[in-house]
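Asks: got a predicted structure here, sequence first:
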Amino acid sequence: MQLARIQTASGSAELALLADGRMAARLDGVDSLASLLRLPLRDLRALLEAAQPATQAAGRLLAPIDGETEVWAAGVTYKRSEEARVEESATPDIYSKVYRAERPELFFKATRRRVAGPEETVVVRADSTWDVPEPELALVINAHAEIVGYTVGNDVSSRSIEGENPLYLPQAKVYAGSFAAGPAITPAWEVPDPYALGIRMRIVRGGAVHWSGETSMREFARRLEDLVSYLFREDTFPDGAILSTGTALVPESPFNLESGDVVEIEVDGLGMLRNPVRRGQLSKQVR
């Protein structure tokens, strides 16, 4: 079972539970994911398990985020991530230090309008010369700091901008179209061991696989609950949060994302997130 935002025939968004890509239940009377993320985990589970059955084709899947839910991200949580950040940086020692530190690297990533859903376009900056996708397990966290689900994340990044100076990280990471999530949210109680999840990525260029790789959450160097604990220190998230947990799949230099590439990220049990790529700013429309 997965919790999804889907687009109806009228163009509006509604929530549904999916099984094998079909609508298994409707969540009538629930107006947003954000409202669900205000609930304690036990109440959310009870609500989803009591949903009324429905069997029909699901509409187009939308990004699993709405309301005032924020996206944050963690960095340098795998050994390969540390190595890649050292490789790109003019000040490599800071990444080695944070990899070994008790306090994790956490940074703001996106609001709803900056998040692409399944099959929607992600963007690489026009003023960057080295850009990569970053396939990540993303935690869905309620307002009570409980992990209530998991989804697939793509933390698109400019390695050239961040590598020039670590203080440029917000420009390298935070802009319209810099994050994708989906295809839906798998409830936490349906993932017995998140550290056992395999993660795979393919980058398709010109109809052929240009780059591919795979890893496992067993390579993860931290505890998920510790990341959540640090995120909620001295901060509140009334509509919950999505926390993308870092990557171990970093295409080696001189790889660079190009317009027309398609990024496919798959996580065991969570499904595949597929996004085309373009270079340069998305339209300024608010989604």
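Replies: All right, it came through fine.
Asks: strands along the stretch 51-200 of the chain, start to end?
Replies: 52-57, 60-62, 70-75, 105-110, 115-116, 122-124, 131-132, 135-141, 147-155, 157-158, 179-187, 198-205 (DSSP state E, counting those that start in this stretch).
Asks: listing partners with orientation, what would you give for the third one?
Replies: By that I understand strand 70-75. strand 105-110 (antiparallel), strand 241-244 (parallel) (DSSP bridges).
Asks: before we move on, the earlier item: in CSV: the strands of the stretch 51-200 of the chain, plus distance to residue 170, mean pLDDT and mean neighbour count.
Replies: All C-beta spots, glycine's among them, are computed from the backbone N, C-alpha and C. Formatted as CSV, those follow (distance: least, Cβ to Cβ, whole Å; pLDDT from 0 to 100; neighbours: other Cβ atoms under 10 Å):
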stretch, distance to residue 170, mean pLDDT, mean neighbour count
strand 52-57, 41, 80, 10
strand 60-62, 26, 95, 20
strand 70-75, 11, 97, 23
strand 105-110, 7, 97, 19
strand 115-116, 16, 97, 26
strand 122-124, 16, 97, 25
strand 131-132, 16, 96, 24
strand 135-141, 18, 98, 27
strand 147-155, 13, 98, 26
strand 157-158, 11, 96, 27
strand 179-187, 13, 98, 26
strand 198-205, 24, 98, 18
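Asks: figure out which of the ones you listed is closest to residue 45.
Replies: Minimum separation from residue 45 across these (Cβ to Cβ) falls at strand 179-187, 7.0 Å.
Asks: any regions of the stretch 151-287 of the chain where pLDDT drops low?
Replies: 282-287 (pLDDT under 70).
Asks: so for this protein, the centremost residue is which one?
Replies: The centroid of the chain falls nearest to residue 153 when counting by Cα atoms, centre = their mean (2.2 Å).
Asks: give me every residue that touches that residue.
Replies: 71, 73, 135-138, 179-181, 242, 244-245, 273 (Cβ atoms under 8 Å, 6 or more residues apart in numbering).
Asks: could those residues go into CSV alongside distance to residue 40?
Replies: Shown next, in CSV, are the contacts of residue 153 (distance: Cβ to Cβ, whole Å):
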residue, distance to residue 40
71, 22
73, 25
135, 30
136, 26
137, 23
138, 21
179, 27
180, 29
181, 23
242, 18
244, 23
245, 22
273, 28
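Asks: tell me which of the strands paired with strand 70-75 sits nearest to residue 146.
Replies: So among the strands paired with strand 70-75, strand 241-244 is nearest, using Cβ to Cβ, at 11.2 Å.
Asks: quick one on the thing from earlier: let me have the strands of the stretch 51-200 of the chain in CSV, adding distance to residue 164 as columns.
Replies: As requested, those are exported to CSV (distance: least, Cβ to Cβ, whole Å):
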stretch, distance to residue 164
strand 52-57, 48
strand 60-62, 35
strand 70-75, 16
strand 105-110, 17
strand 115-116, 26
strand 122-124, 16
strand 131-132, 14
strand 135-141, 23
strand 147-155, 19
strand 157-158, 9
strand 179-187, 21
strand 198-205, 24
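Asks: nearest to residue 144, of the contacts of residue 153?
Replies: So of the contacts of residue 153, ranked by how close each gets to residue 144 (Cβ to Cβ), first place is residue 242, at 15.2 Å.
Asks: is it correct that that closest one is in contact with residue 67?
Replies: No - Residue 242 is not in contact with residue 67 according to Cβ atoms under 8 Å; the separation is 11.7 Å.
Asks: sorry, back to before: make JSON lines from the strands paired with strand 70-75 and add distance to residue 123 to it.
Replies: Shown next, in JSON lines, are the strands paired with strand 70-75 (distance: least, Cβ to Cβ, whole Å):
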{"stretch": "strand 105-110", "distance to residue 123": "12"}
{"stretch": "strand 241-244", "distance to residue 123": "17"}
